[in-house]
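S.K.: Everything below, folded, please.
(chains A and B)
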Amino acid sequence: GAGVSQSPSNKVTEKGKDVELRCDPISGHTALYWYRQSLGQGLEFLIYFQGNSAPDKSGLPSDRFSAERTGGSVSTLTIQRTQQEDSAVYLCASSFQVAAAYNEQFFGPGTRLTVL
Amino acid sequence: AQSVTQLDSHVSVSEGTPVLLRCNYSSSYSPSLFWYVQHPNKGLQLLLKYTSAATLVKGINGFEAEFKKSETSFHLTKPSAHMSDAAEYFCVVSDNYGQNFVFGPGTRLSVLP
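M.R.: I've put the predicted structure just below:
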C-alpha cells in the first residue's frame, strides 16, 4: 500500500480481555516500531523490529505486552488482561533501511484503544 | 543515551507572526534530528530532518530548522504563521542507524487570528 496501515482504527474492550492490534508497514521497509501515545502525552517507545533480528523489547511496559512480526512484514501487538491504564493510541511506524539518510519514520494513523 | 527537551509545552502566536519552537538534544554520537507534526485526529507527518548534511534544513509548509552542535539545539522556525499550522510538534533524535528514536514531549502551537 501507499502508507502504513493499522487496524482496527478504534477498539473498545473490557478490563481483563486480550486485544490484538495490527500494523502493515510500507512495502520494503525493514524497520518497524510500535509506540503508545496517552491522552495529551508524547510518544512512548514500545518495541522495534529490524528485519529478522530479535526485537528490541526494552520499551514494553509489562509482560502483558508482546509483539511479533511475521515474515519481516506485518506486525501484531498483543495486550493481555487489559487494564484501564492501557487506554491510549497505539502508533506503528516503519522506515526504509538502517542508514542515516533514509531512517525517517512513516507513521500509521494509529489504533485508539479504550479499556472500560 | 539520548534525550530531547522541548522547552515550551505550549506556544501561542498571532497569524502572520514568526514561529519559534525550541528543541535541545543530548546524544553520545552524531545524531539525526527530526521534526514531526501531528494535527488533531491526524497521523504524525515528517516536517524535516537533519542527517549531517547542511545545518540549515528546509522542510514542508515553509518550516525550517538549524542544527547548532555547539548549543545542542535544533529549533524549528517559520517566518509567518498560518492558521493551519496549529498542531502538536515533536522534536526527535535518533542514532545514525535508525535503531533508537527518542521523542520530545511535544509543543502545542496555537495560532490566533
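
S.K.: lowest-confidence helix or strand of chain B?
M.R.: Across the helices and strands of chain B, mean confidence by mean pLDDT, DSSP states H and E is lowest for strand B:101-103: a mean of 86.

S.K.: Same check on chain A?
M.R.: strand A:43-50 (a mean of 88).

S.K.: Centre of the chain to that one, how far?
M.R.: 7 Å (C-alpha atoms, centre = their mean, to the nearest Å).

S.K.: Flag every buried residue along that strand.
M.R.: Of the residues in strand A:43-50, those with enough neighbours to count as buried (16 or more other C-beta atoms under 10 Å in any protein chain shown) are A:43, A:45-50. All C-beta atoms are positioned from the backbone trio N, CA, C, and that covers glycine.

S.K.: Tell me the one among these nearest to residue B:87.
M.R.: Of all the buried residues of strand A:43-50, the one sitting nearest residue B:87 is residue A:43; the distance, using C-beta to C-beta, is 14.7 Å.

S.K.: my read: that closest one touches residue A:34, true?
M.R.: No: using C-beta atoms under 8 Å, residue A:43 makes no contact with residue A:34, being 10.2 Å away.

S.K.: Next, show the common contact partners of those two.
M.R.: With contacts defined as C-beta atoms under 8 Å, 6 or more residues apart in numbering or on different chains, the residues shared by residue A:43 and residue A:34 are residue A:91.

S.K.: Chain neighbours aside, what residue packs nearest to the most centrally placed residue in chain B?
M.R.: In chain B, the residue lying closest to the centroid (C-alpha atoms, centre = their mean) is residue B:35, at 3.5 Å. Of all residues not flanking residue B:35 in the chain, residue B:47 sits nearest, at 4.3 Å (C-beta to C-beta, 6 or more residues apart in numbering or on different chains).

S.K.: So that neighbour is in contact with residue B:58, correct?
M.R.: No: Residue B:47 is not in contact with residue B:58 according to C-beta under 8 Å; the separation is 10.0 Å.

S.K.: the more surrounded of the two?
M.R.: Shown here are residue B:47 and residue B:58; by other C-beta atoms under 10 Å in any protein chain shown, residue B:47 has more neighbours (23 against 11).
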